[in-house]
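A.B. asks: take a look and give me a structure for this.
(chains A and B)
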Amino acid sequence: MKAESRLARLVVQSILLGLSLLFLFPLFWMLSTSVKPIEETMLFPPRWIPSAWHFDNYWQAITYGRDVLGYIPFFEYGKNTLLLCILGVTGAVVSNAMIAYGFARLRWPGRDFLFGVTLATMMIPFPVLMVPLFSLFKQLGWIGTFRPLWVTAWFGSAFNIFLLRQFFLTIPRELSDAAVVDGCSEFGVFRHVILPLSKPALAVVALFHFLGTWNDFMGPLIYLTDQRMFTLALGLQSYQSQAGGTEWHLMMAAATIVVLPIVVLFFFTQRTFIQGIATTGVKG
Amino acid sequence: MTRSERREMRAGIIFISPWLIGMGVFLAYPVLASVYYSFCEYSVLDKARPVGLANYADLLGDRLFWKSLFNTVYFAALSIPLGLVLALGLAILLNTGVRGLTVYRTIFFLPALIPTVALGILWLWIFNGENGILNMFLTSIGIGAPGWLTDPVWSKPALILLSMWGIGHAMVIFLAGLQDVPVHLYEAADLDGANWWHKVRHITVPMVSPVILFNLIMGIIGALQYFTLPYIMTPNGQPAHSAYFYAMYLYDNAFLYLRMGYASAMAWILFLLILALTLLSLRLAARHVHYEAAP
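C.D. replies: Residues are numbered from 1 along each chain as shown, chains lettered A, B, ... in the order given. The predicted structure is shown next:
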């Protein structure tokens, strides 16, 4: 529905402008607080732009408790998070692509039934699985290690299987048939025909898995025990509960460190992102 | 079965084999075990001991169970409809051919991207009773400033308000849905002299009703499992358990009190609740949702 008259366009434009400022303000306030000296965080009326830019707040936040811990906490957290992201994203892309190929392009008895079951598993909320998974991982001796946080990614997930299957179905059958005629094996078709054509869909899976791992709080909270192995999300929360409540400038600096990589990633992958979300909602 | 069919079947099973293992070990087994544990006393340190229906019976008389369930339903009942209206409203405004669409879309989507823990800490600062910017603003325009997260009356509304900041995800989905609405419908309505509200009410809403249903169900599933934000912002559901949500109590039972059987019983009640509400939405949808006939 288009806004026709000049007046209508003006009204729409001003509502959107006002709301944008409202939506952006918390982020502005986070950045502004993160470079203030502590006294200026408590001024009334507030000081919007700090009198001097205290970028050393960031170093202070990153290294909090270094003397006690013997390492730089946020460096460790960042390293752990990246490691989990790499292991998880690789696993999610490889396993879901394979599984989706099996569902989309090959015929075998019971396939459609099993696909129905796969979709149904999306209804199971995590709390139902939480206790048995914990006790399973405990028996395996995995509690306090990274394994519970990335190994499962190598065995597929219903949502990603669904997403990739839908995409694979749109690739013309003639392409894979031609490759078979040329002597390609089934794996060859998958590797050299389907995967190269599916880069946008694979990018969506990778991107969402990356975000999911970066943001995950409950998983690390349940499975990690050693503070040195914390992820950024869990580390940020533990910093907040230890030192939060007064040093807001440092809290905001720490929060910015966790937020910034995601925002940068978003700006570089915006198209994939928006299309990924839109297709999952509409065509799904 | 011919040779090539057999070969195709073998390939199929090899390709999906990770999922067969994953579904068996990380889904089917946990689901069955969880049903069993829900009828047991189980601390994870000792073997599970069957206690029949005791966990479920205890839940009925557990004040905190009801309190956390009430809080969760309260949160869901307000945040979901408000979020849907705001997300759809924004999407409609963005779809009016406005200049700067992609910039606005990015701005409204950005908050939905912020990692939950960072988001919680940021809003703790904004809601802060003494030095928070929100109360500074309210005081300066002469409106009384509540303690927000430290006030039992205001803690839930504060979290609902905060959830409005994260509607970007639903908005992007709505926007994609709106772009599929055929323009000729609006043109026909214009000829009949319909005003914008008529067009929204009788064209836009029915045409995107499948998307509303999708966002509604996603909203229900998410809101009933609300955990991370209140865990960070209102630890232990303080003040006075006014912000103690179902998933928090479930987590505390499992990992704080090591009442894993009790927690499993809670998880199954949660599952049934989600299932019931989803089916109810689908039932209502059967009457009200409009699916465009295939051309």
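
A.B. asks: just the pLDDT for A:D177.
C.D. replies: pLDDT for A:D177: 88.

A.B. asks: which other helices and strands contact whichever strand or helix holds it?
C.D. replies: Per DSSP states H and E: A:D177 is located in helix A:173-181. Here helix A:173-181 touches helix A:186-189, going by 3 or more Cβ pairs under 8 Å, 6 or more residues apart in numbering or on different chains; DSSP states H and E. For the C-beta atoms, the positions are set from N, CA and C on the backbone; glycine is no exception.

A.B. asks: give me the residue from the stretch 1-150 of chain A nearest chain B.
C.D. replies: Taking Cβ to the nearest Cβ, chain B has its nearest neighbour within the stretch 1-150 of chain A at A:G102, 3.1 Å off.

A.B. asks: could you pull out the buried residues of the helix holding A:D177?
C.D. replies: Residues A:S176, A:A179 are the ones in helix A:173-181 that count as buried (16 or more other Cβ atoms under 10 Å in any protein chain shown).

A.B. asks: same question for stretch B:202-210.
C.D. replies: Under the neighbour-count criterion of 16+ other Cβ under 10 Å, stretch B:202-210 has B:I203, B:T204, B:P206, B:M207, B:V208, B:S209, B:P210 buried.

A.B. asks: does it reach chain A?
C.D. replies: Yes - against chain A, stretch B:202-210 shows contacts by Cβ under 8 Å from any Cβ of the partner chain at B:I203, B:T204.

A.B. asks: out of the buried residues of stretch B:202-210, who's nearest B:V35?
C.D. replies: B:P210 (33.4 Å; Cβ to Cβ).

A.B. asks: now the closest one: which helix or strand?
C.D. replies: Going by DSSP H and E, B:P210 is part of helix B:209-224.

A.B. asks: before we move on, what about A:A97?
C.D. replies: Going by DSSP H and E, A:A97 is in helix A:73-104.

A.B. asks: and that helix, how far from the chain's centre?
C.D. replies: In this view, helix A:73-104 has its centroid 10 Å away from the chain centroid, taken as Cα atoms, centre = their mean, to the nearest Å.

A.B. asks: now do stretch B:75-88
C.D. replies: Averaging C-alpha positions (Cα atoms, centre = their mean) puts stretch B:75-88 10 Å from its chain's average.

A.B. asks: show me where pLDDT drops low in chain B?
C.D. replies: Counting by pLDDT under 70, chain B shows low-confidence ranges at B:292-295.

A.B. asks: residues near the residue of it found nearest chain A, how many?
C.D. replies: Closest contact between chain B and chain A, by Cβ to the nearest Cβ, is at B:G22 (2.7 Å). Other residues near B:G22 come to 24 when the count uses other Cβ atoms under 10 Å in any protein chain shown.

A.B. asks: contacting residues around the closest residue in space to B:A54 that isn't next to it in sequence?
C.D. replies: Leaving aside its chain neighbours, B:A54 sits nearest to B:E41 (7.6 Å; criterion: Cβ to Cβ, 6 or more residues apart in numbering or on different chains). Residues in contact with B:E41, defined by Cβ atoms under 8 Å, 6 or more residues apart in numbering or on different chains, are B:A48, B:R49, B:V51, B:A54, B:N55, B:R259, B:G261.

A.B. asks: now render these as CSV, adding neighbour count and distance to B:R3.
C.D. replies: Converted to CSV, these look like this (neighbours: other Cβ atoms under 10 Å in any protein chain shown; distance: Cβ to Cβ, whole Å):
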residue, neighbour count, distance to B:R3
B:A48, 18, 49
B:R49, 10, 54
B:V51, 15, 56
B:A54, 15, 58
B:N55, 25, 55
B:R259, 21, 57
B:G261, 28, 52
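
A.B. asks: let me see the contact set for the residue of the stretch 1-150 of chain A closest to chain B.
C.D. replies: Contacts of A:G102 by Cβ under 8 Å, 6+ apart are A:W108, A:R111, B:A11, B:G12, B:I13, B:I14, B:F15, B:I16, B:W19.
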